[in-house]
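> no sequence for this one, just the structure:
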C-alpha cells in the first residue's frame, strides 16, 4: 500500500476521481480523498460554503493508491507506478505502519463550521459560549487535532493508551491530553489517582471480558459465570469497590486502573457548544441517530456523496432568539424520551408525554376551531375533555412551554414561513401528539384519540396534515358508534380549505356511506372534481397460504409461491405487457428528473445548508404557491413534449449520482424510465406531477402497485392488485380517481382462489 501526496504545483497531475473510485470498488485502494481548494477550473455540483474569514488550515490534495492485482501492462497501473516512484523520491522514508501525511480535512472542516455558525447564528450563543470557541482557536494545533479527533468518536470516555495517532499529527499524546485538561476542554483521570467517586464513570469503557477478569481477580462471586450480564457484573463490582488489599488499596480500583490506564473525555461545557454548532450547521442532527449526518461535509469533499447545485438565500432567521432555540431543543429532548418509551414498550409513560404535549398545545390553540364546535356537536371544552381521558401527565418543565404567542400570531408565522415552522417547539409537540393518537387507536381507546385529534385540529401547526387528521377523527367517531356525529364531521371537513384532494375522496366516501336513508334522505353534494371508475379484472389461481395478517401466496407458473403482485405480473406478461412492481417509486423518480429545475429553484429560506436533497418546503403546500409560474410553465412543457425520453435522458446524464429526494440512482434503470415516459405520455405525467407539487407527502403513497407498458405500441397502464380479503384504501381510491381523469388506463386486479 502506497500513499501519494499530490502537492498543488504545476507538475502535479490532476486527481482523476472516477479512476480512483473504480479502483476503490475493486479493492485496489483503501480510500480516496480529494480536498483540493477550488481554483474555479472545474464546475462545482455542490453548493459551496465560503466563510468570510478564511480558516487557518489549508486542505491538501491527497490520494491513497495501491494496485496489488493490477496488470503490469495496464496503462493506468503504469501511470500509478510512475507517480508513486516520483513521490517516493521527494518524500523521506516512513515506516509502513505509519500514516505518510498529516490529514487536514477534519481540522479544516471543523473551522469552516465554526466560522459559518458564528457568522449566521452568533445571537443564539451566550458570551461564555462564544468565549469557549475563541479559546479553542488559541489552542495549539496538536490540542485542536486531539479534541476534534475525540469529538468525532463515540465516547464519552477513551483510553489514552488506545489512541493511536502518528507523531506528525499529535507529537506527544499524553502532554496534549494534559494541556486540554488544564485549559478546561477535557477531563483526564490518571490510573494512579483513580478514586471510588470516579470509578462508575469508567466502567462503560471496560469490555465484558475485562469485567469478568477483574471480577475473578477481585474474588467477586459471579454465579452462572458467562451467563452473568454486563450490567450485573458492573453492579457487583461497584458494590465491592470498598474491598481493600492488605496495603489498604481498593482491589477493584487497582484492577480497573491496571486494565484501563489513563482515560480522557471532553468537557461537557465545550462539547455542548460544539454540538449546538453542528446542529445549527446541518439542521438535521437534533433528532437523528445517524452518525453519517454529522460528516456530510467530509463525505461530500471525499466524493462519496454529492448534493445539487442551488442558491442559498436567507431572509428570515430560523430562530429569532436564544430562547426560541432552547425551547425547541427541550421539545426535541422530550421527543427522544417519548421514542425511548415506545422502544421499550412503556406505552403508559409515552401517553403521559403525549397528553402533556396536548395540554401545552391547548394554550396556543383556538377553541373556536374545535371540530366539534364547527360541526355543531355539543361537547365539553378541550381542556375538560383532556382531563377526562388523561389521568397522568409528564412532570416536565411546563413553564418552558407556556407560549407567549396567541393562536393568531402562531398562525401568521406558520402561514408566512411554513417550512421554517418545523423548527418550533409547537411543531415538535404536534408530532408527539400524532404518535400518541397512533398508540391510543391501537389500544382501541378512541375517546382519547378523538380528544387529541380535536386539539391538533384546533391549532395552527402542520396545516398540510389536517386532511389526514380529519379523516381519522371521522373514522374514530364511527368506531365509537356515533355515526351521526361522524357524518357532521365529514361535512365540516370537506369545507376546510386546507384539506387536499388526497384526503377529500376518503372523507366524501364515508359521508356518502353514512348519508343513506333513513339517516339522510338527501344525497350529499358531489366532490369538486369528477369521480371516475377504473376497469376491474379478476384472475384466479391456486392459493398456497391464507393467514390473517400475512400476505397471501399463490402458485406461480413455475410452481413456487409468489405474492399476488407477482402472480398478476405473470398474468399481464401473457398478454405482452412489460411490468414493474413499483408502488409509485418510478413516478416519483420521474418527477425528480423532469422537475429538477423547479425543485431546486432559487426561493428564499428553503435552502439553509449545502447538504439538502430537497427544499424545506417540498413537503408543504407552500412548494406550489411559491413556484406557481415555474410549475405551470414546466408542466406545460412536459404535457406538450412528444420526445419525453430525450428529456429524461438529458436530465439523467446531467444529474446522475447527485442526491435528490424521490430518486435512487442505483435502483432505477434509465432505459425503462425512458420507455415508461413515452408510453404514458406528457399529459398523464404532468397531471401526476401537479399533484406532487400541491401535496408531495400526501400523494407519495397510494399509487397503484404495477406499472405496465408496451414499448412498440407506446401503451401504458397501471394496475392495483388485491388479494383475498383485500380492499381499496381511501388513498388508493383518490389516486385512481385522479389518474382516470388524466386519461390513464387503470385496472383493479382481484386475485382469487379457484372454486
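Sure, I can see it. Remember, it's a predicted structure, so these values are computed and weren't measured experimentally.
> any weak-confidence spans in the stretch 301-450 of the chain?
395-405 (pLDDT under 70).
> at 80 instead, please
301-303, 391-418 (pLDDT under 80).
> need the helices for it, in chain order.
322-343, 347-362, 371-374, 382-389, 407-416, 425-442, 446-458 (DSSP state H, counting those that start in this stretch).
> next, the angle from the second one to helix 322-343.
Spelled out, that is helix 347-362. Orientation of helix 347-362 against helix 322-343 (axes from the mean of the first three to the mean of the last three C-alpha atoms, to 10 degrees) gives an angle of 150 degrees.
> how about helix 347-362: buried residues?
Within helix 347-362, the residues scored as buried using 16 or more other C-beta atoms under 10 Å are 347, 349-362. The way it works is simple: take the backbone N, C-alpha and C, and place the C-beta from them, glycine included.
> strands of this protein, start to end?
2-6, 32-34, 61-65, 158-159, 186-189, 263-266, 535-541, 543-545, 553-555, 561-563, 578-581, 706-710, 715-722, 745-753 (DSSP state E).
> for the ones you listed, give me JSON lines that also has mean neighbour count.
Formatted as JSON lines, those follow (neighbours: other C-beta atoms under 10 Å):
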{"stretch": "strand 2-6", "mean neighbour count": "18"}
{"stretch": "strand 32-34", "mean neighbour count": "20"}
{"stretch": "strand 61-65", "mean neighbour count": "20"}
{"stretch": "strand 158-159", "mean neighbour count": "18"}
{"stretch": "strand 186-189", "mean neighbour count": "20"}
{"stretch": "strand 263-266", "mean neighbour count": "23"}
{"stretch": "strand 535-541", "mean neighbour count": "14"}
{"stretch": "strand 543-545", "mean neighbour count": "14"}
{"stretch": "strand 553-555", "mean neighbour count": "20"}
{"stretch": "strand 561-563", "mean neighbour count": "17"}
{"stretch": "strand 578-581", "mean neighbour count": "17"}
{"stretch": "strand 706-710", "mean neighbour count": "21"}
{"stretch": "strand 715-722", "mean neighbour count": "23"}
{"stretch": "strand 745-753", "mean neighbour count": "19"}
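> identify whichever of those lies nearest to residue 698.
strand 715-722 (18.0 Å; C-beta to C-beta).
> tell me the angle the closest one makes with strand 745-753.
Using the same axes, to 10 degrees: strand 715-722 against strand 745-753 is 40 degrees.
> elements contacting strand 715-722?
Using 3 or more C-beta pairs under 8 Å, 6 or more residues apart in numbering; DSSP states H and E, the elements in contact with strand 715-722 are helix 564-574, helix 670-694, strand 706-710, helix 730-741, strand 745-753.
> report how many residues lie close to residue 381.
Neighbourhood size, residue 381 [other C-beta atoms under 10 Å]: 12.
> next up, the contacts around the nearest residue to it once chain neighbours are set aside.
Nearest non-adjacent residue to residue 381, counting by C-beta to C-beta, 6 or more residues apart in numbering: residue 367, 6.6 Å away. By C-beta atoms under 8 Å, 6 or more residues apart in numbering, residue 367 lies in contact with 373, 381-382, 458.
> so which of those residues wins on neighbours?
residue 382 (24 neighbours).
> low-confidence ranges, the stretch 51-200 of the chain, go.
Using pLDDT under 80, the stretch 51-200 of the chain drops low at 51-104, 196.
> any figure for the gap between the closest residue to residue 253 other than its chain neighbours and residue 185?
Distances taken as C-beta to C-beta, 6+ apart put residue 194 closest to residue 253, at 5.3 Å, once the chain neighbours are dropped. The gap separating residue 194 from residue 185 is 21 Å, by C-beta to C-beta, to the nearest Å.
> tell me the spacing between residue 281 and residue 275.
Counting by C-beta to C-beta - residue 281 and residue 275 are separated by 11 Å.
> higher neighbour count, those two?
Neighbour totals were compared for residue 281 and residue 275, and residue 281 leads with 24 against 16 (other C-beta under 10 Å).
> isn't the more buried one right next to residue 609, touching?
Yes - contact criterion C-beta atoms under 8 Å: residue 281 and residue 609 qualify, at 6.7 Å.
> picking up where we left off before, please identify which of the helices of the stretch 301-450 of the chain is closest to residue 298.
Going by C-beta to C-beta, the one of the helices of the stretch 301-450 of the chain nearest residue 298 is helix 322-343, 24.3 Å.
> what number of residues lie near the residue nearest to residue 253?
Residue 194, neighbours per other C-beta under 10 Å, totals 22.
> gap between it and residue 146?
The gap separating residue 194 from residue 146 is 22 Å, by C-beta to C-beta.
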